[in-house]
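In: need a structure here:
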Amino acid sequence: MPEAVLFDYWRSTASWRVRIALNLAGIDWESHPVDLLAGDQRGAAHLARNPQGLVPVLEIDGLALTQSLAILDYLEDTGRVALRPSDPAQAARMRSIAQAIACDLHPVCNLRVAAHAAALTGQDDTRGDWMRHFIRPGLEAVEALLDDTGPYCIGETLTQADLCLIPQLYNAARWGVETGDLPRITRVAGACASLDAFRRAEPEAMQPAPI
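Out: Presented below is the predicted three-dimensional model:
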């Protein structure tokens, strides 16, 4: 039996954050895919796990945890990872970056939000326009918040901020948002790309096999 079960979707950036953390922790975990495109998140089984009908949900220690940042904090508080700076000022910087992505940028670029925007206009092109409108300015703001030298978001140590940033860059690339001219973000992306825990959490590694 695995130590943890993660109910996730392969392209979910929130799920991706948790996958990275589980890999960093060395936890024996198993993915149970929730097909967001098929509407599995609205089924009774998943709503029983998470009344919001969202992913991820992490079953661990007899608990069913929701919200990616809360899950990262639980893994930290139970001694499984160390992704929060001990210095209060640095911890506050880290939270400001993580929340700028997870609480400000990600929610407006959520699948259901963009789909609703497209439904209101009756034009499918609205989805991409919507994504690009929010992603680029959001990442420009994050760029200004990052450490000057790195290699990571907050200096030399990997933090929750890095786990939030990398999945969002995948989303940016998916919707044609240029980020190569953002040097700090590019630096962080390169540093994290060398880490096995990040590579094993990538969507391509988690995509279900065609039926």
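
In: now the strands: where do they sit in the chain?
Out: Secondary structure of the chain (DSSP state E): strands at 4-8, 29-33, 57-60, 63-66.

In: so what does the second one touch, helix or strand wise?
Out: For strand 29-33, the elements it packs on are strand 4-8, judged by 3 or more CB pairs under 8 Å, 6 or more residues apart in numbering; DSSP states H and E. C-beta here means a position set from N, CA and C on the backbone, and glycine is covered the same way.

In: contact partners of the strand it packs on?
Out: Strand 4-8 has contacts (CB atoms under 8 Å, 6 or more residues apart in numbering) with 15, 18-19, 22, 27-34, 46, 49-50, 55-60, 206.

In: out of the strands of the chain, which comes closest to residue 188?
Out: The closest of these to residue 188 is strand 4-8. By CB to CB, the value is 23.0 Å.

In: quick one: strands adjacent to the closest one?
Out: Paired strands of strand 4-8, with direction, are strand 29-33 (parallel), strand 57-60 (antiparallel) (DSSP bridges).

In: TSV for those strands, including distance to residue 201 and mean pLDDT?
Out: Below are the strands paired with strand 4-8 laid out as TSV (distance: least, CB to CB, whole Å; pLDDT from 0 to 100):
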stretch	distance to residue 201	mean pLDDT
strand 29-33	10	97
strand 57-60	13	98
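
In: relative to its centroid, which residue of the chain is most remote?
Out: In the chain, counting by CA atoms, centre = their mean, residue 122 sits farthest out from the average C-alpha position, at 28.9 Å.

In: So which bits of the least confident helix or strand in the chain by mean pLDDT are buried?
Out: Every helix and strand in the chain was compared by mean pLDDT, DSSP states H and E; the lowest is helix 111-121, with a mean of 89. Using 16 or more other CB atoms under 10 Å as the test for burial, helix 111-121 gives 113-114, 117-118.

In: returning to what we had before: any idea which of the strands paired with strand 4-8 is most buried?
Out: strand 57-60 (a mean of 23; mean count of other CB atoms under 10 Å).

In: what sits against residue 193?
Out: With CB under 8 Å, 6+ apart, residue 193 has these contacts: residue 199.

In: Residue 199 and residue 103, how far apart?
Out: 26 Å (CB to CB, to the nearest Å).

In: before we move on, back to that, want to throw the buried residues of helix 111-121 into JSON lines with distance to residue 178?
Out: Listed next are these as JSON lines, based on distance: CB to CB, whole Å:
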{"residue": "113", "distance to residue 178": "22"}
{"residue": "114", "distance to residue 178": "19"}
{"residue": "117", "distance to residue 178": "22"}
{"residue": "118", "distance to residue 178": "23"}
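
In: Of those residues, which is the nearest to residue 190?
Out: residue 114 (28.4 Å).

In: Which residues are in contact with that closest one?
Out: Applying CB under 8 Å, 6+ apart, one finds that residue 114 lies in contact with 126-127, 130-131.

In: Flag the shaky bits of this structure, pLDDT-wise.
Out: Counting by pLDDT under 70, the chain contains low-confidence ranges at 209-211.

In: Mind listing what's buried along whichever helix in it runs longest?
Out: In the chain, assigned by DSSP state H, the helix with the most residues is helix 125-145. For helix 125-145, burial by neighbour count (16+ other CB under 10 Å) applies to 126-127, 130-132, 134-136, 138-139, 142-143, 145.
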